[in-house]
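Chemist: missing the sequence, but the structure's below:
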C-alpha cells in the first residue's frame, strides 16, 4: 500500500493539490503522470520567490543605523555583506551557524555609549505573476525581537517589541521569555504588500543586550501555514467609535467580528480538552473596587494557577464555586484569586475570562470575585515576558500583534485588569495580597511616605509604567506583589504583629511562595495558599486550595481519580519555624 499526503498550495490562483505518492516499503516511487508533473513544475516556477531556512541575505552589522530608506526596493545595498542563516554572534548557540556576525559588546568604541542592539537584513525577490500571490508566511527564528518590512512598509513586529516606539539602532526589546528562546515565529505577509517584479523583504533584529550577547536570525518564506498549536482567545478590543472587535484564533487562522456595542458583542470562550464553552456578557463600565469592606461569611482562596485552565476549572467545580456549565453556585460567598494568573501555562486568556465571567454572576447573587494582582500579572502588562509560554510566540505573531497589545488599555481584559487591587482588607481583620511586604513598606506607612489609600492606585499605575526603584513612594507598593520576607523568615513574630497593626489587619493571606499544602504560619497570623498546581494536577491527580467557613480555615482537596473532595482544618506550622519569637 502507498501512503498519500495532500499539500494545499495557496499561492496559485487556482488551488493545486500536489499528491506525493510514496511506497510504504521505501524502495519504490510511483511516477506522476505527464499532466500532473507539468502542473507541479509550473507551480514550482511561479513560486520561485519562496525560500527556506539557510537562505542568502544581505546584512549590516556595524552597530550603526543605515539610511532611513534601507527598507525600500530602490535602496543600494551593494556595500552590505552577504551571508546565510543561521546568523549568530558567538559560537555557543545554536548548533548550526552559517554566518558569524559582529558582537557589539566586544567593540571598544561602544564601551562608553549605549551598546547597539540592531542588526539589519535585506532580501530581494522577483514575482512574475502578482495575481497568483496570496498571503505568505514569513517564519523567523530570532533572538530576541524583530520588525518586518515589505517594500518599505512595516508589516509586523515580533511579540517582544514595543508596538509604539520609534525603532533605532539601540532599541531594547521587552524582557525575553526563557520559554520562547529559539521558538519559531510566523508572520502573515499580506498579498497586497507585494508588487509584480522586484520586491524587498527587510528585517531588523534587536538583541536584549543586557541579557547577554546572543543575537540570532534565520528566516523562511512559505505559502503554507503549518500550525497546530490549537486555539487562543478571545481578545476583545474597544474601539474609539464605540464598536467592539472580537478576535479568536480558530486552529490555524484568526477570526474577527465587529459589533456595534458591548451590549451587542458575542463573546464565546471555548476551552481545550473537552471542557466546553461559556458566553461572556461584557461590562458597560470598569471601576476599581473598594479595598476595605465587611468580611464575607464564607470565602474560597487560591493563587498562582498560571494559565492552567484545566486545574482551575476542576478546582472551582469540585469546590462548588461553579457548576459544570460555568454558572456561579457559591451564593453570597466570595472567591479570592491572589495573583499570578499569567505566565508559564497555555491558557491565560481563557483563565482570565472565567474569572471575569464568574465575577459578573457572583455580584448578581450577592457574592463577589476578587482578583488581587500578582507580579506575573503586572509583568505581562508592563512588558516583562520572561516566563510567557512559547505557544503565545506563535499565536500572536499569526495575529501580527505584540505581547504588549494583548492586554492594552483599549482591550476588555486590559481595562478590567487595570481596575484590580494589589491589597484588600476584609472586616479590619484579613489582609489579602499576593506576595507579602517588607520592612520598608511598613516604615513607609508609619512615616507617612505613603498612605494605605494610595497603595492600590499606585500599584495599578505599575501596569503601564512599571515600578521605579528611584522613586521611593512609587516603589513601595511593588513589595506587596514581590517581597517574600514573611515566608522566608525575615520577620520576627513581634515585627509581623506590629506590621499587621500598622496596616489595620489581624491576619494576612498570601500566594507567591509555594508550599506543599495550604499552611498557617507565624502563630496563625499568616495563611499561605500557593501550591504547585501543575505538579498536583498532572502528576498527583489532585488540586488543593483554602476555604473559610463558619469561623474556621479549611484545607480543601479534591482527587481527580476518586472524584472525591474533602475539607480539613488547616494545620499550623511549628511555632517559630518562620517568624522567630
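Modeler: It's in. Computed from a predicted structure; not experimentally measured. Numbers count the residues shown, from 1 in each chain.
Chemist: Residue 443 belongs to a helix?
Modeler: Yes - counting by DSSP: H, G, I helix; E, B strand; the rest coil, residue 443 is part of a helix.
Chemist: give me the element the nearest residue to it once chain neighbours are set aside is part of.
Modeler: Once flanking residues are discounted, residue 443 sits nearest to residue 449: 7.8 Å by CB to CB, 6 or more residues apart in numbering. The C-beta positions use only the backbone N, C-alpha and C, and glycine is treated the same way. Assigned by DSSP states H and E, residue 449 falls within no helix or strand.
Chemist: pLDDT at residue 449, what is it?
Modeler: pLDDT for residue 449: 96.
Chemist: What of residue 575?
Modeler: Listed pLDDT for residue 575 reads 85.
Chemist: wait, is residue 105 part of a strand?
Modeler: No - assessed with three-state DSSP, residue 105 is helix; it does not lie in a strand.
Chemist: Would you state the helices of the stretch 251-400 of the chain in chain order?
Modeler: Remark: helices assigned in the stretch 251-400 of the chain by DSSP state H, counting those that start in this stretch are 309-318, 348-365, 375-382, 391-398.
Chemist: which ones are touching residue 374?
Modeler: Going by CB atoms under 8 Å, 6 or more residues apart in numbering, residue 374 touches 303-304, 338-341, 434-435, 481, 511-512.
Chemist: hmm, 7 Å instead?
Modeler: Residues counted as contacts of residue 374 (CB atoms under 7 Å, 6 or more residues apart in numbering) are 339-340, 434, 481, 511-512.
Chemist: so is the closest residue in space to residue 565 that isn't next to it in sequence in a helix, a strand, or just coil?
Modeler: Nearest residue to residue 565 in three dimensions, chain neighbours excluded: residue 558, at 4.1 Å (CB to CB, 6+ apart). Counting by three-state DSSP, the backbone at residue 558 sits in strand.
Chemist: Quick check: bridge partners of residue 558?
Modeler: residue 543, residue 565 (DSSP bridges).
Chemist: check contacts around it.
Modeler: Contact analysis of residue 558 by CB under 7 Å, 6+ apart lists 314-315, 318, 542-543, 565.
Chemist: Redo the contacts of residue 374 as a markdown table? Include pLDDT.
Modeler: Formatted as a markdown table, those follow (pLDDT from 0 to 100):
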| residue | pLDDT |
| --- | --- |
| 339 | 97 |
| 340 | 97 |
| 434 | 98 |
| 481 | 98 |
| 511 | 98 |
| 512 | 98 |
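Chemist: So for stretch 471-478, first residue to last residue, what's the gap.
Modeler: Start-to-end span of stretch 471-478 (CA to CA, to the nearest Å) is 12 Å.
Chemist: just to revisit the earlier point, how close does the residue nearest to residue 443 get to residue 477?
Modeler: Distance of residue 449 to residue 477, given as CB to CB, to the nearest Å: 11 Å.
Chemist: So for those two, which sits in the more crowded spot?
Modeler: Counting neighbours by other CB atoms under 10 Å for residue 449 and for residue 477 shows that residue 477 has the greater number, 26 against 13.
Chemist: In stretch 97-114, which residues have enough neighbours to count as buried?
Modeler: Neighbour counts using 16 or more other CB atoms under 10 Å place 97, 99, 101-102, 104 of stretch 97-114 among the buried residues.
Chemist: As TSV, the contacts of residue 374 with distance to residue 68 and neighbour count would be great.
Modeler: TSV is the format used below for these (distance: CB to CB, whole Å; neighbours: other CB atoms under 10 Å):
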residue	distance to residue 68	neighbour count
339	44	29
340	43	27
434	45	29
481	42	29
511	48	28
512	46	26
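Chemist: can you tell me which of these are in strands?
Modeler: Judged by DSSP state E, the subset of the contacts of residue 374 located in strands is empty.
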